[in-house]
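[1] Coordinates for the following, if possible.
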Amino acid sequence: MDSLLTAILELPVSDRLQLVQEIWENICAHPELLPVTHVQKEELERRLEAQSRNGNPQGVSAMSYGNAF
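    Below is the predicted model:
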């Protein structure tokens, strides 16, 4: 096992969770760096087209459904 990974796994859980949070926040700060597959791009196009056809170009937020689920 990689020595860095070994060192990380030896940290207390609270420290590992903090590390995960910091890594996730860094990834979220740079979404343009996330790879998007051809299939994902096609699905996004399909959903955008369906949204436009259904007369809702702005979309509907999950919060607008309230307690429907």
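
[2] Quick check: the residue nearest the centre of the chain vs Gln21, distance?
    Residue closest to the mean C-alpha point of the chain, counted by C-alpha atoms, centre = their mean, is Cys28 at 7.5 Å. Using C-beta to C-beta, to the nearest Å, Cys28 is found at 10 Å from Gln21. No exception for glycine: its C-beta is placed from N, CA and C like everyone else's.

[3] Where does pLDDT dip in the protein?
    Within the chain, the ranges that satisfy pLDDT under 70 run 1, 56-62, 65-69.

[4] quick one: the helices in the chain?
    3-9, 13-28, 38-53 (DSSP state H).

[5] Packing partners of the shortest one?
    When contacts are defined as 3 or more C-beta pairs under 8 Å, 6 or more residues apart in numbering; DSSP states H and E, helix 3-9 sits against helix 13-28.

[6] could you redo the last one with a cut-off of 6 Å?
    The helices and strands touching helix 3-9, judged by 3 or more C-beta pairs under 6 Å, 6 or more residues apart in numbering; DSSP states H and E, number zero.

[7] Can you mark which positions in it are buried?
    The neighbour-count check on helix 3-9 (16 or more other C-beta atoms under 10 Å) flags nothing as buried.

[8] Quick one: distance of it to the chain centre.
    When C-alpha coordinates are averaged (C-alpha atoms, centre = their mean, to the nearest Å), helix 3-9 and its chain have centres 25 Å apart.

[9] And for stretch 32-47?
    13 Å.

[10] do stretch 42-49 as well
    Between the centre of stretch 42-49 and the centre of its host chain there is 17 Å, according to C-alpha atoms, centre = their mean.

[11] got the buried residues for that stretch?
    Taking 16+ other C-beta under 10 Å as the criterion, stretch 42-49 shows none as buried.
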